[in-house]
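**Student:** Sequence plus predicted model, see below.
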Amino acid sequence: MIELHEVWRLYRMGREVINALAGINLEIQRGEFVSIVGPSGSGKSTLLNIVGGLDSPTSGTIEVDGQDLSKASDKELSSYRNKKVGFVFQTFNLQPTYSALENVALPLVFTRVPLRKRHQIARDVMKIVGLSKRFRHTPSQLSGGERQRVAIARALVNNPGILLADEPTGNLDSKTGEQIMELLTSLNKEQGITLLLVTHDLQTAEHADRMIQMLDGKIAEAVDRK
């Protein structure tokens, strides 16, 4: 489903050139759960952003379902992000004055789904992530784990084939983080969503089918955990 071939991402800081990614070759199968681990600056978040169409490679190719993202226009990348990919971040990124339901439904506004229908879709997704009693609560009225569940529901509301999670347990205590990982794993197994997870925590990474360790913009090791 996802194929990267000789992907490089270079950044210039004054006269210095930083190789955030240095010749990445990677294939991810449909429905696979892959975790990417490594120290800060290893390139794992850059890799996730390129797969998500948030960033573009300096050179090399990335194909998702046969679409070459490295050659896609801004409009095509926007459509790709809206329809094929869901994003979950460490900091939740919820609108503080919106209810949980309104936060979940927000992506549907950009795809012009009518109000009543998008609220119904949002309710259905919130039930999947265990938030059927939190429709009207604002983020400040929710626990950290509940906020992350809202963020996951928002990522799922457009029915994406790919879910990208960047340190989704980073702001949670260990018990709540484990519950979030159980939810993500069940979405992967039961819904068939391709899940790509970035984390610095090996215990979190071990939930995946395959664990990829990155160092200095390269894949240092890949471990099949099936």
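**Tutor:** Done, it's in.

**Student:** so where's the protein shaky on pLDDT?
**Tutor:** Residues of the chain meeting the criterion pLDDT under 70: 226.

**Student:** Longest helix in the protein, please.
**Tutor:** Counting residues, the longest helix in the chain under DSSP state H turns out to be helix 174-191.

**Student:** Run through who's touching that helix.
**Tutor:** 31, 33, 128-130, 143-145, 148-149, 152, 156, 163, 165, 168-169, 172, 193-195, 197, 204, 207 (Cβ atoms under 8 Å, 6 or more residues apart in numbering). Glycine gets a C-beta too; all of them are placed from N, C-alpha and C.

**Student:** Quick one: buried ones out of those?
**Tutor:** Buried members of those, scored by 16 or more other Cβ atoms under 10 Å, are 33, 128-129, 144-145, 148-149, 152, 156, 163, 165, 168-169, 172, 193-195, 197, 204, 207.

**Student:** Could you pick out which of the residues you listed are located in helices?
**Tutor:** 128, 144-145, 148-149, 152, 156, 204.

**Student:** residue contacts, the spatially most central residue of the chain?
**Tutor:** Nearest to the geometric centre of the chain sits residue 164, at 1.5 Å (Cα atoms, centre = their mean). Counting by Cβ under 8 Å, 6+ apart, residue 164 makes contact with 48, 51-52, 85-88, 196, 198.

**Student:** and of these, the nearest to residue 114?
**Tutor:** residue 86 (21.2 Å; Cβ to Cβ).

**Student:** Do I have it right that that closest one meets residue 158?
**Tutor:** Yes: contact criterion Cβ atoms under 8 Å: residue 86 and residue 158 qualify, at 7.0 Å.

**Student:** Looking at these two, which is more packed in?
**Tutor:** residue 86 (25 against 19; other Cβ atoms under 10 Å).

**Student:** Which strand or helix spans the more buried one?
**Tutor:** strand 85-89 (DSSP states H and E).

**Student:** and after that strand, which helix or strand comes next?
**Tutor:** With DSSP H and E, the next secondary element past strand 85-89 is helix 100-110.

**Student:** For that following helix, list every residue counted as buried.
**Tutor:** 100-108.

**Student:** Let's have these in JSON lines, adding distance to residue 117.
**Tutor:** Output for the buried residues of helix 100-110, formatted as JSON lines (distance: Cβ to Cβ, whole Å):
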{"residue": "100", "distance to residue 117": "18"}
{"residue": "101", "distance to residue 117": "13"}
{"residue": "102", "distance to residue 117": "14"}
{"residue": "103", "distance to residue 117": "17"}
{"residue": "104", "distance to residue 117": "13"}
{"residue": "105", "distance to residue 117": "9"}
{"residue": "106", "distance to residue 117": "14"}
{"residue": "107", "distance to residue 117": "13"}
{"residue": "108", "distance to residue 117": "8"}
